[in-house]
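Trainee: Sequence and computational prediction follow.
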Protein chains: 2
Amino acid sequence: MSTRQTREIHLASRPTGWPTEDNFAVVTTELPALSAGQVLVRNVFMSVDPYMRPRMNDVKSYVPPFQVGEPLDGGAVGEVVESQVDGLTPGDLVVHGLGWREHAVLDNPRKLDPVPGVSVSHYLGVLGTTGLTAYVGLLDIAGFRPGDAVFVSGAAGAVGSVAGQIARLRGASRVVGSAGSPEKVALLTERLGFDAAFDYHEGHLYRQLSAAAPDGIDVYFDNVGGDHLEAAIGALHDYGRVALCGSISAYNAAEAPPGPRNLGLAVGKRLTLRGFIVTDHGDRFRDMAREVGGWLASGELVAEETVVEGGLDAAVTAFLGMLRGENTGKMIVHFD
Amino acid sequence: MSTRQTREIHLASRPTGWPTEDNFAVVTTELPALSAGQVLVRNVFMSVDPYMRPRMNDVKSYVPPFQVGEPLDGGAVGEVVESQVDGLTPGDLVVHGLGWREHAVLDNPRKLDPVPGVSVSHYLGVLGTTGLTAYVGLLDIAGFRPGDAVFVSGAAGAVGSVAGQIARLRGASRVVGSAGSPEKVALLTERLGFDAAFDYHEGHLYRQLSAAAPDGIDVYFDNVGGDHLEAAIGALHDYGRVALCGSISAYNAAEAPPGPRNLGLAVGKRLTLRGFIVTDHGDRFRDMAREVGGWLASGELVAEETVVEGGLDAAVTAFLGMLRGENTGKMIVHFD
């Protein structure tokens, strides 16, 4: 491979239902010469996230769908190799949106100055889009107030693990979470400070939630959709609030699952359900970085992550594993 | 019947599914002597409303359920017969909450001073709880803004017919409504000023809504729930808002109907769905009365109502007819 060649992952075909390795292709491609204002980076970390799955469908949404035969993209940290930008020199780090490739040419790159002692990978997770999603969803969308009892689904995942901890640190009366394995349940209560947690495979969801939060809940942070939302609507107090962050339960379903049969309760309970997309809320990044960064530095907040080694060759496996719930916290791919 | 006897309607048994005449009983009862601060009224008008149906179930909600063997209640206008209240004399009118009976003894009654030329029945409808529900739901809950395209379901009903007209008078770019018969559809477009309307029996809901609002909608005022909500979620623009006012489609269902299968779209579209109960919003009564009263006086707003004659003997029939959609606008029972 010449120094101007690199490898990237393309969408080879659109998955129906659960994606497989066959839906992806590793492609060798030529890097263009740099123009003024550009840098060439070698990726060090890349993010695999649930939202990437619906982008593989040919459906108009808040972000354009991935195109067959074109590279995927997503959050990444790169190290500058060549620079045509004042103030950026080889070895500097940059957070950017061109993951799923070994190298990337970036316009308008912004230098990352990591806080000493903080893993660079956290700028894709708890101190990046993941942390902002949890922060905005809980505080701005669900309107969390100290004393609220909070339920987080997908609580051992990237966003959920942070949302639950922010709720605790901001003064929740109780924080409960659902997750997909006994190990994750143990992580939530033993390491992340949740008051109670349950494995949603282990029984009737509403009954499990009622046992974990016997006095009901005020806020539901929804990463899952489907029957989790139905159980939460049942448990919510009057004037309860739901942040609709994602519905991973539906992303790989061949057919849309039924909505919550008890949505009619939203009238009498005066519930508010509100969907949001983190990219609308960049103005809150600084607040999040200061507050979450402070908790991270003091050790009050645990930045759980699952780092997969192997770079581009491990990326598809990592992504598929994340969809199956093999990660705890943020799933990150590390390039050697 | 002595002058101290009266008749009232009791819940004889709890309906399962659609109620029938058998679930109700007319009972003769003795009126108590008046204490200081009380008046005795003879009811002139009483209201029959959709929300009364779920109150017949033994389910805890924002109002206590009706009790078997006890009288029903609901909005009514009464004429004072005897008074132990300063400033209230026989012949005065009072709006109160003890409908479903021929006479009522009221504590803390408030005198009604009807605007000349306005039917007294309107104080149970467009100038009463019905009007306040439409006003608060559209303006405060759905956050209507001039230029919004608005869809109202149950648009020929009591609340819907007012909500759609407020949207028009407040500067909606388009107001569309669904109703249950060709006659109601004609009422909406020919008399109430809706831009388009359709009969939900006549075809696929989402396709009908898309034809009526080809550029989509910003606000959905939901009186129906079920598949109407699913169609609206499909048609809503980004940042669309839903006022969840009721779900009459489910009130008589033996089993809860499925929720909207496309609720996952609320994330990408950043939708807000918010339930509300009008009794929380009494502070807006004066604003509503001034604004809606002005439109009523100028003739810009039509106060559609269906008045059933026959007093108490017609009340159950009127209520059951309202559940079947036999009314246009507010359904009122008149006592001779």
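Mentor: Done, it's in.
Trainee: C-alpha from now on. contacts and neighbour counts both.
Mentor: Will do.
Trainee: Show me which residues of the stretch 201-336 of chain A sit near chain B.
Mentor: Residues of the stretch 201-336 of chain A lying near chain B by C-alpha under 8 Å from any C-alpha of the partner chain: A:225, A:244-247, A:256-264, A:266-277.
Trainee: Okay, and which of those residues map to strands?
Mentor: Among these, the members falling in strands are A:244, A:272-275 (criterion: DSSP state E).
Trainee: Quick check: of the residues you listed, which lies closest to residue B:140?
Mentor: residue A:272 (12.9 Å; C-alpha to C-alpha).
Trainee: Strands along the stretch 101-250 of chain A, start to end?
Mentor: A:103-107, A:111-112, A:149-152, A:174-179, A:196-199, A:217-222, A:236-244 (DSSP state E, counting those that start in this stretch).
Trainee: Pipe those into JSON lines and attach mean pLDDT and mean neighbour count per row.
Mentor: As requested, the strands of the stretch 101-250 of chain A are exported to JSON lines (pLDDT from 0 to 100; neighbours: other C-alpha atoms under 10 Å in any protein chain shown):
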{"stretch": "strand A:103-107", "mean pLDDT": "96", "mean neighbour count": "21"}
{"stretch": "strand A:111-112", "mean pLDDT": "94", "mean neighbour count": "16"}
{"stretch": "strand A:149-152", "mean pLDDT": "98", "mean neighbour count": "29"}
{"stretch": "strand A:174-179", "mean pLDDT": "98", "mean neighbour count": "26"}
{"stretch": "strand A:196-199", "mean pLDDT": "98", "mean neighbour count": "23"}
{"stretch": "strand A:217-222", "mean pLDDT": "98", "mean neighbour count": "28"}
{"stretch": "strand A:236-244", "mean pLDDT": "98", "mean neighbour count": "24"}
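Trainee: Excluding its own residues, what touches the lowest-mean-pLDDT helix or strand in chain A? List them.
Mentor: Comparing every helix and strand of chain A by mean pLDDT, DSSP states H and E singles out helix A:248-251 as the least confident one, with a mean of 77. Helix A:248-251 is contacted from outside by A:17, A:50, A:53-54, A:223-226, A:256-257, using C-alpha atoms under 8 Å, 6 or more residues apart in numbering or on different chains.
Trainee: Next up, the contacts around residue A:272.
Mentor: A:239-242, A:266, B:272-275.
Trainee: Give me the residues contacting stretch A:195-213.
Mentor: With C-alpha under 8 Å, 6+ apart as the criterion, stretch A:195-213 contacts A:149, A:174-182, A:185-186, A:188-189, A:216, A:227-228, A:230-232, A:234-235.
Trainee: what's the span of stretch A:273-283 from first residue to last?
Mentor: 22 Å (C-alpha to C-alpha, to the nearest Å).
Trainee: Buried ones in it, by neighbour count?
Mentor: Residues of stretch A:273-283 classed as buried by neighbour count (16 or more other C-alpha atoms under 10 Å in any protein chain shown): A:273-278.
Trainee: Could you dump these into CSV with pLDDT added?
Mentor: Shown next, in CSV, are these (pLDDT from 0 to 100):
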residue, pLDDT
A:273, 98
A:274, 98
A:275, 97
A:276, 97
A:277, 95
A:278, 95
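Trainee: tell me which of the residues you listed is nearest to residue A:106?
Mentor: Nearest to residue A:106 among those: residue A:278, at 22.0 Å, using C-alpha to C-alpha.
Trainee: Enumerate every residue touching that closest one.
Mentor: Residue A:278 neighbours (C-alpha under 8 Å, 6+ apart): A:129, A:132-133, A:136.
Trainee: if we go to 6 Å?
Mentor: Contacts for residue A:278 were tallied using C-alpha atoms under 6 Å, 6 or more residues apart in numbering or on different chains; they are residue A:133.
Trainee: Return the distance of it relative to residue B:47.
Mentor: From residue A:278 to residue B:47 the distance is 46 Å (C-alpha to C-alpha).
Trainee: cool, and residue A:262?
Mentor: Residue A:262 is 27 Å from residue B:47, by C-alpha to C-alpha.
Trainee: about what we covered before: now the strands of the stretch 101-250 of chain A in a markdown table, with distance to residue B:317?
Mentor: Output for those, formatted as a markdown table (distance: least, C-alpha to C-alpha, whole Å):
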| stretch | distance to residue B:317 |
| --- | --- |
| strand A:103-107 | 72 |
| strand A:111-112 | 73 |
| strand A:149-152 | 45 |
| strand A:174-179 | 49 |
| strand A:196-199 | 50 |
| strand A:217-222 | 41 |
| strand A:236-244 | 34 |
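Trainee: And those: which comes nearest residue B:60?
Mentor: Taking C-alpha to C-alpha, strand A:236-244 is the member of these nearest to residue B:60, at 12.0 Å.
Trainee: helices or strands up against the closest one?
Mentor: Packing partners of strand A:236-244 (3 or more C-alpha pairs under 6 Å, 6 or more residues apart in numbering or on different chains; DSSP states H and E): strand A:217-222, strand A:272-275.
Trainee: Redo the ones you listed as JSON lines? Include distance to residue A:157.
Mentor: Output for the helices and strands packed on strand A:236-244, formatted as JSON lines (distance: least, C-alpha to C-alpha, whole Å):
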{"stretch": "strand A:217-222", "distance to residue A:157": "12"}
{"stretch": "strand A:272-275", "distance to residue A:157": "19"}
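Trainee: hang on, the earlier thing: which of the residues of the stretch 201-336 of chain A next to chain B are buried, as a PyMOL select command?
Mentor: Those of those that count as buried under 16+ other C-alpha under 10 Å are selected in PyMOL with:
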select buried, chain A and resi 225+244+245+246+247+256+257+258+259+260+261+262+263+264+266+267+268+269+270+271+272+273+274+275+276+277
